[in-house]
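>>> fold the stuff below for me.
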Amino acid sequence: MAELLSSNGTTPVILDDDTLDLETALLLARLELEDLQDIENARKGKQRHGVPLNDEQRAFKIQEEYLQGIIRTLADLKFARSLDQALMTDATQIQQLAMQEQVAEDDRRAAIALSNGQAMPPTTPAQRAMDMLIRTPNGTSEARSSRPPAAQRTPQTPSSSSYHMRTSNAGQVPVPATKGSAPVKRVSFVSSAPGSSVNRNERVECTGCLELHSKATCLRTPCEHYYCRGCIKNLVEAFLQDESLYPLRCCQKPMTIETVVTFLSLSLQQRFQVKNREYATPALNRVYCQNGTCSQFLGSSANGAEDIRCTACGSLTCGECKQSSHPGKLCKDNPDVAQLKELASQERWQTCPGCKSIVELNTGCYHITCRCRTEFCYVCAVPWKNCTCPQWEEHRLLAAAERRVENRLGANAAARAPTHVFDRLVQDMRNTLQNNHDCVYHSWTRRSGGGICEECHWNLPNFLMICRHCSLLVCLRCSRNRL
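Numbers count the residues shown, from 1 in each chain. Next comes the predicted model:
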């Protein structure tokens, strides 16, 4: 908001973005300056050089400089808004052009693979998105796959391969086809140039809150999902407390730190970057301040520093034993750690070979994935798939099978199911888990009704995500950002 004096010097003119547009405000300021200059020119007479200004002249001079500053500020604001509008207008076009280039590259790789007799690579997210933009010859829009239906698909051999040709701004990609195969139709994309059919205020669904937001204000992940500013902030705040969310990712594809920090406040940016450095440091090399009221991350012991001073509280911590500094004395074992190890041995808990954290198995198989991402056997603590220990304990296996069947049927349906039917389903699930307990690639679908997430143990009232393969039941955040 700016306040200008009117030409009579008494009546204020208020320039407010809520009541006046920039053009009107700029015009008023310029007219005010012209009036002031006219009055000053009409009163100005001959004056010798070096004579100081009187009070009236000084007042006019100050008011003139003030108005000129207002005009410069409004002109800069107008220019900034025009740039912002241009970015908003061209954002969709730029994204579509980038997607077309990616599709052309993906199609080229698919063509090379087929021509070399290799299996057809899976459809990429860019190809699936572009398929939705293909128009049929009669002008109606339909979602068409670039691959033949499953029932018509032939084995992927050099003599029986066929593939559609896509057309994009990046050019055409010819792909081999077999003799006698259906002719390959040439298709074209919907033009991405601005026009009446282009939505300049496109809105997308946020993966976190499932609400619609302006696409220009959302973070786009490598897996083509979108997160609003509020959900990114909440995800980062959870990341600061939970190492299992490192690296920050969606659908197992990491988000770049440079992209994420643009959606955060300065203080949250700093905490996020510090925590990234901490999580990136091998767990055995991490040094924390030994002041019980501080515990700040100090860096890595791999740097060879004997004592590290905490920048927050000033305490010194030994970089070797990671206890309080002890100048002139040899490092010794921490008695508290010794007591914890003794308790772990009594309770038959296991120690992660990666970060030395104590792990307790509650449910599931002996395949443990620690928060530091180390995978090992719970029985012998050897890295996973390097021992001959059994993968399951029978009562744990049956408990897991029952839970997965209830996840798939729902608690009410499972309770109403005949006993022999439920037992048969549990036995089938038991065999599945025993032979293939590692779900290499989860395929999630929404299951209505609340429940407890099997990963973070939060109780969600409305819905959960269930894996089509292993029937694991988790919350939306765990399905996208943790697993």
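
>>> now the helices for the stretch 301-450 of the chain?
Ranges of helices in the stretch 301-450 of the chain, per DSSP state H, counting those that start in this stretch, are 335-347, 394-409, 411-416, 419-435.

>>> would you turn the ones you listed into a markdown table with distance to V261, mean pLDDT and mean neighbour count?
Where C-beta positions appear, they are placed from N, C-alpha and C, glycine not excepted. Listed next are these as a markdown table, based on distance: least, Cβ to Cβ, whole Å; pLDDT from 0 to 100; neighbours: other Cβ atoms under 10 Å:
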| stretch | distance to V261 | mean pLDDT | mean neighbour count |
| --- | --- | --- | --- |
| helix 335-347 | 36 | 86 | 11 |
| helix 394-409 | 37 | 88 | 18 |
| helix 411-416 | 42 | 80 | 12 |
| helix 419-435 | 41 | 87 | 15 |
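
>>> make JSON lines from those and add distance to R482 to it.
Formatted as JSON lines, the helices of the stretch 301-450 of the chain follow (distance: least, Cβ to Cβ, whole Å):
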{"stretch": "helix 335-347", "distance to R482": "25"}
{"stretch": "helix 394-409", "distance to R482": "17"}
{"stretch": "helix 411-416", "distance to R482": "24"}
{"stretch": "helix 419-435", "distance to R482": "21"}
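
>>> of those helices, which approaches L248 most closely?
helix 394-409 (27.4 Å; Cβ to Cβ).

>>> helices or strands up against that closest one?
Where contact means 3 or more Cβ pairs under 8 Å, 6 or more residues apart in numbering; DSSP states H and E, helix 394-409 is packed against helix 419-435.

>>> which other helices and strands contact the helix it packs on?
Under the contact criterion of 3+ Cβ pairs under 8 Å, 6+ apart, helix 419-435 touches helix 394-409.

>>> how far off centre is the helix it packs on?
Relative to its chain's centre, helix 394-409 lies at 32 Å (Cα atoms, centre = their mean, to the nearest Å).

>>> quick one: contacts of it?
361, 363-365, 414, 417, 422, 425-427, 429-430, 433-434, 447, 454, 466, 470-473 (Cβ atoms under 8 Å, 6 or more residues apart in numbering).

>>> now with 6 Å?
364, 414, 425-426, 429-430, 433, 466, 471, 473 (Cβ atoms under 6 Å, 6 or more residues apart in numbering).

>>> between helix 419-435 and it, find me the angle.
110 degrees (axes from the mean of the first three to the mean of the last three Cα atoms, to 10 degrees).

>>> could I get the contacts of helix 394-409 as CSV with distance to Q269?
Shown next, in CSV, are the contacts of helix 394-409 (distance: Cβ to Cβ, whole Å):
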residue, distance to Q269
G364, 37
A414, 47
L425, 50
V426, 49
M429, 46
R430, 48
L433, 43
I466, 36
S471, 39
L473, 35
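
>>> quick one: which of these is nearest S295?
Of those, the one sitting nearest to S295 (Cβ to Cβ) turns out to be G364, at 30.9 Å.

>>> which ones are touching that closest one?
Applying Cβ under 6 Å, 6+ apart, the residues near G364 are A400.

>>> just N54 next, same as before
Shown in contact with N54 (Cβ under 6 Å, 6+ apart): no residues.

>>> sorry, back to before: and L22, which of the helices of the stretch 301-450 of the chain is closest to it?
It's helix 394-409; of the helices of the stretch 301-450 of the chain, that one is closest to L22 (Cβ to Cβ) at 57.2 Å.

>>> tell me how far G319 lies from E237.
30 Å (Cβ to Cβ, to the nearest Å).

>>> neighbour-wise, which of the two wins?
Set G319 next to E237 and count neighbours by other Cβ atoms under 10 Å: G319 wins out with 21 against 14.

>>> ramachandran coordinates for the more buried one?
phi -80, psi -10 (degrees, to the nearest 10).

>>> thinking it is in contact with A302, fair?
No - with contact defined as Cβ atoms under 6 Å, G319 does not reach A302; the gap is 9.2 Å.

>>> flag the shaky bits of the stretch 51-200 of the chain, pLDDT-wise.
92, 114-117, 131-200 (pLDDT under 70).

>>> strands of that one, residue ranges please.
Under the criterion DSSP state E, counting those that start in this stretch, the stretch 51-200 of the chain contains strands at 167-168, 171-172.

>>> how far is the next helix or strand after the last one from where the chain is centred?
Read in the C-terminal direction, the helix or strand following strand 171-172 is strand 203-205, with elements assigned using DSSP states H and E. Per Cα atoms, centre = their mean, the displacement of strand 203-205 from the mean C-alpha position of its chain is 15 Å.

>>> name the next helix or strand following strand 203-205 along the chain.
Downstream of strand 203-205 (by DSSP H and E), the next one is strand 212-214.

>>> can you tell me the strand partners of that following strand and which way each runs?
strand 203-205 (antiparallel) (DSSP bridges).

>>> tell me the buried residues in the strand it pairs with?
Residues of strand 203-205 classed as buried: V204 (neighbour count, 16 or more other Cβ atoms under 10 Å).

>>> for this structure, longest helix please?
For the chain, the helix with the greatest residue count under DSSP state H is helix 55-115.

>>> just to revisit the earlier point, between the contacts of helix 394-409, which is nearest P335?
Looking across the contacts of helix 394-409 and measuring by Cβ to Cβ, the closest to P335 is G364, at 33.4 Å.
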